[in-house]
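> Sequence and predicted structure are below.
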Amino acid sequence: MRQSTLFTKTRREDPANEESINAKLLIRGGFIHKEMAGVYTLLPLGLRVFNNIMGIIREEMNGIGGQEMLMTTLQDPDLWKKTGRWTEEGANAHNGLPWFKTKLSTGNELGIANTHEETLTNILRGHISSYKDLPCYMYQFQNKFRNELRAKSGIMRAREFVMKDLYSFSKTEEEFREFYEACASAYLRIFSRLGLGDRTYRTFASGGAFSKFSDEFQTLSEAGEDIIYIAKEKNIAINKEVFTDDVLAEMNVKREEFEEYKAIEVGNIFPLGTKYSETLGLLYRTEQGTEKPVVMGSYGIGVGRAMGTIVEALHDERGIVWPASVAPFQVHIIVLQGGEQEAEKLYQALEKQGTETLLDDREDKTPGERFADADLIGIPVRIVVSAKTVAMSLGELKKRTEKEPEMIPLNAIPAFFTQS
RNA sequence: CGGGCCAUGGUGUAGCGGUAGCACGCAGCAUUCGGGUUGCUGUAGCUCCAGUUCAAAUCUGGGUGGCCCGACCA
């Protein structure tokens, strides 16, 4: 893409009234626009990153047998009344947050989705009736609405956000456990591919309203809202909320083995048991002809929060440092005077082979501005083409993570991006 | 929801009772072209409602909105 046609502009200064690094850098770089507290629009650059993150999650979810679908935002109150989650008290038991609700023109109430256990369980009642239909694993990327008392930390705690939520439906506890572990592994692969692998821990946590315990995926960061304790040698992490003597004894570990860290909860998986299947009547016929409730689990990743976490974890004083796996473009070509023709040729060659390229062809921008913008936007590889480099038939290639550039023959640059 | 701070052109800010200023951006001209170049010209603004006052961006009260701390948090 030609940067001269990109409608977003970078900003030189941090936005006022934003404290969090992710909000400052994403707004300055033109990735997001804030509509109001906790509500953000994805601009073209931001959407590219967002789609890349979703692509990685999708691959991993498909890899463990997930099937993608898309459920509705508007929710039928009757269904939620059955599980006691329609009322404010019921919703509070769920996640402490009141619903967003709206009304039909008849005056009847509708819910605006904050999760989909009820919805999906109800849908499956018409499709699951035999042990032969199980297990099955459904997921979606869907906008969730949560009436947060206090939206904060930029895009990290939003009132409207896209979540990947997967729900597992298994015949038995054992079958459920097997998938639960497979999903935990998939989650670790996801965060590793997002560039957060070295600082993300599967963390023992409270199960909330559904079960005694659950697992969170916590990325170490000063921007985190959670406190976790880690025993690095044993690779065990425990959320502060369940860091008790009882739990420590149960896990056969000592308090002294742990260190305290701040962390961002980037993912969460938890057992649902048969709470919803029993309440809503999702039963299946066993081989022996008896009826049993389906064993369920729930698995979430907030896509926007993942994006914000990457920014929090991977940036420097100049801007964002995207990992190649999620970067909006793979290459940023900076054209300086005298390099126009060769830069254009290089751009065409890269585009032709499918390498996502941003060409800074803006007029009236000084070299300094171009470099500053490139650093802020954070594309992994920058190539400078100028009169100087063209004279030697070279391009100057610099990785965002490194300080020193390397000179590469112009005609060898396209191949550089097909190798990896 | 409790507490604190805050609200001025598109962006970042100054102004503290008496004609709203600066920087960035944007438009134009010239200049410059490897780390936000330089000069000139132009452009655009006081969150809302009430009150005090001869006079309010400025003081008072309230509303709305924003950030932070806490509470809360799949």
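Sure, I can see it. Residues are numbered from 1 along each chain as shown, chains lettered A, B, ... in the order given.
> hey, where'd the helices end up in the stretch 101-250 of chain A?
Using DSSP state H, counting those that start in this stretch, the helices found in the stretch 101-250 of chain A span residues A:117-125, A:173-193, A:245-251.
> Of those, which is nearest RNA strand B?
For RNA strand B, the closest of the helices of the stretch 101-250 of chain A is helix A:117-125, at 5.6 Å, according to C-beta to the nearest atom of the strand. C-beta coordinates here come from the backbone N, C-alpha and C atoms, glycine included.
> ok, and for that closest one, which residues are buried?
Within helix A:117-125, the residues that qualify as buried are A:Glu117, A:Glu118, A:Thr119, A:Leu120, A:Thr121, A:Asn122, A:Leu124, counting by 16 or more other C-beta atoms under 10 Å.
> What is the least confident helix or strand in chain A?
Least confident element among the helices and strands of chain A, by mean pLDDT, DSSP states H and E: helix A:88-95 (a mean of 65).
> ok, back up a step: can you add distance to A:Ile377 and mean pLDDT and give the helices of the stretch 101-250 of chain A back as JSON lines?
Supplementary listing: the helices of the stretch 101-250 of chain A in JSON lines, determined by distance: least, C-beta to C-beta, whole Å; pLDDT from 0 to 100:
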{"stretch": "helix A:117-125", "distance to A:Ile377": "38", "mean pLDDT": "96"}
{"stretch": "helix A:173-193", "distance to A:Ile377": "21", "mean pLDDT": "98"}
{"stretch": "helix A:245-251", "distance to A:Ile377": "44", "mean pLDDT": "90"}
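> closest to A:Asp78 out of the ones you listed?
Evaluated over the helices of the stretch 101-250 of chain A, closeness to A:Asp78 peaks at helix A:117-125, with 9.7 Å, by C-beta to C-beta.
> any idea how far that closest one is from the chain center?
Put simply, helix A:117-125 sits 24 Å off its chain's centre (C-alpha atoms, centre = their mean, to the nearest Å).
> which helices and strands sit right next to that helix?
helix A:77-82, strand A:136-145, strand A:160-170, helix A:275-280, strand A:295-302 (3 or more C-beta pairs under 8 Å, 6 or more residues apart in numbering; DSSP states H and E).
> between the ones you listed, which gets nearest to RNA strand B?
With C-beta to the nearest atom of the strand as the measure, strand A:295-302 is the member of those nearest RNA strand B (5.0 Å).
> Need the CA coordinates for the helix or strand just after that closest one. CSV is fine.
Note on strand A:295-302: by DSSP states H and E, the next helix or strand toward the C-terminus is helix A:303-313. Extracted as CSV, the C-alpha positions of helix A:303-313 are listed here (Å, rounded to 0.1, in the frame of the first residue of the first chain):
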residue,chain,number,x,y,z
VAL,A,303,-8.6,-9.9,20.5
GLY,A,304,-8.2,-6.2,21.3
ARG,A,305,-6.7,-6.9,24.7
ALA,A,306,-4.2,-9.2,23.0
MET,A,307,-3.3,-6.4,20.6
GLY,A,308,-2.9,-4.0,23.5
THR,A,309,-0.8,-6.5,25.4
ILE,A,310,1.6,-6.8,22.4
VAL,A,311,2.0,-3.1,22.4
GLU,A,312,2.6,-3.0,26.1
ALA,A,313,5.2,-5.7,25.9
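> touching RNA strand B at all, helix A:303-313?
No: contact of helix A:303-313 with RNA strand B is not found when judged by C-beta under 7 Å from any atom of the strand; the minimum separation is 9.8 Å.
> and after that helix, which helix or strand comes next?
Per DSSP H and E, the first helix or strand lying C-terminal to helix A:303-313 is strand A:315-316.
> Give me the sheet partners of that following strand and which way each runs.
When pairing is defined by DSSP bridges, strand A:315-316 lines up against strand A:319-320 (antiparallel).
> which residues are in contact with the strand it pairs with?
Strand A:319-320 is contacted by residues A:Leu25, A:Leu26, A:Arg28, A:Gly29, A:Val311, A:Leu314, A:Asp375, A:Leu376, A:Ile377, A:Gly378 when judged by C-beta atoms under 8 Å, 6 or more residues apart in numbering.
> okay, now A:Pro271: neighbour count?
Residues lying near A:Pro271 (other C-beta atoms under 10 Å) number 21.
> wait, it sits on A:Ser170?
No: contact criterion C-beta atoms under 8 Å: A:Pro271 and A:Ser170 do not qualify, at 10.2 Å.
> any weak-confidence spans in the stretch 101-250 of chain A?
The model of the stretch 101-250 of chain A has pLDDT under 70 over residues A:208-211.
> what does it have sitting close to RNA strand B?
Within the stretch 101-250 of chain A, the positions near RNA strand B by C-beta under 7 Å from any atom of the strand are A:115, A:117, A:149-154, A:157, A:206, A:208-210, A:225-226.
> among the residues you listed, who's most crowded?
Most neighbours among those, by other C-beta under 10 Å: A:Gly154, with 27 neighbours.
> For stretch A:28-42, give the mean pLDDT please.
Stretch A:28-42 shows an average pLDDT of 96 in the prediction.
> Quickly check: it near RNA strand B or not.
Yes: under the criterion of C-beta under 7 Å from any atom of the strand, RNA strand B is reached by stretch A:28-42 at A:Lys34, A:Met36, A:Ala37, A:Gly38.
> What's the local residue count around the nearest residue to A:Asp375 once chain neighbours are set aside?
Leaving aside its chain neighbours, A:Asp375 sits nearest to A:Arg318 (3.8 Å; criterion: C-beta to C-beta, 6 or more residues apart in numbering). Here the count is done by other C-beta under 10 Å, and A:Arg318 has 14 residues near it.
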